[in-house]
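> mind folding the following:
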Amino acid sequence: MERWLENVSKLEYPADLFMIDSSVGLDYAEKVKKYCEKYGIKKYKLEHIEIPKFQPFAEKVGCSREIIRQEILKNDYDAWLSWEPVIIVPVNALEKIAGIMGKYGFLLEYPDMPDCWAQEGEWFKKQVLKGGGDYVEVYGIIGPIDHLNDK
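A predicted model of the protein is given here:
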């Protein structure tokens, strides 16, 4: 997380950072706050959520995405970029993909949501198109991308 936040601090395009921490307890959230301070990241929001241990990982992801979606809608943002903290991107990456938008939910309560999380990406794209919107899948536009899990 520290290396990722260092990367975030170097981005050229102005953006707010909204993070969801679903770890058990507040220790990790406190560590993230210290990294933000260390790298001078001031425009961020970190929300901690407690999800029962018995909930599947996909439910954590869906709940986190819904919290972010609500934040985006509440504050009338123009775009939302999901960026996992294991991906290191060039400093101009946000500038290249600033047009990505999405205003659809990820929880199982939404109409026609498949009951298999492996298909939720395709469902999301279909919902965006059905609602008259557009989506963009970015392959090979930005680079180099460094994946920390490969290390």
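> residue ranges in the protein under the pLDDT threshold?
78-79, 97-101, 103-121, 135-142, 150-151 (pLDDT under 70).
> rerun that using 90 as the cut-off
Residue ranges of the chain with pLDDT under 90: 12-16, 22-24, 43, 50-66, 69, 72-73, 76-151.
> and L46, helix, strand or coil?
Three-state assignment for L46 (DSSP: H, G, I helix; E, B strand; the rest coil): strand.
> that one touches K31, doesn't it?
No. Judged on Cβ atoms under 8 Å, L46 makes no contact with K31 at a distance of 10.6 Å. Placement of C-beta: from N, CA and C, glycine included.
> centroid residue for the chain?
S82 (2.9 Å; Cα atoms, centre = their mean).
> for that one, give me its contacts.
R65, I68 (Cβ atoms under 8 Å, 6 or more residues apart in numbering).
> and for E47?
Counted by Cβ under 8 Å, 6+ apart, E47 has contacts F18, M19, I20, D21, I67.
> partner residues bridging it?
I20 (DSSP bridges).
> please report how far it lies from N92.
Distance from E47 to N92, counting by Cβ to Cβ, to the nearest Å: 28 Å.
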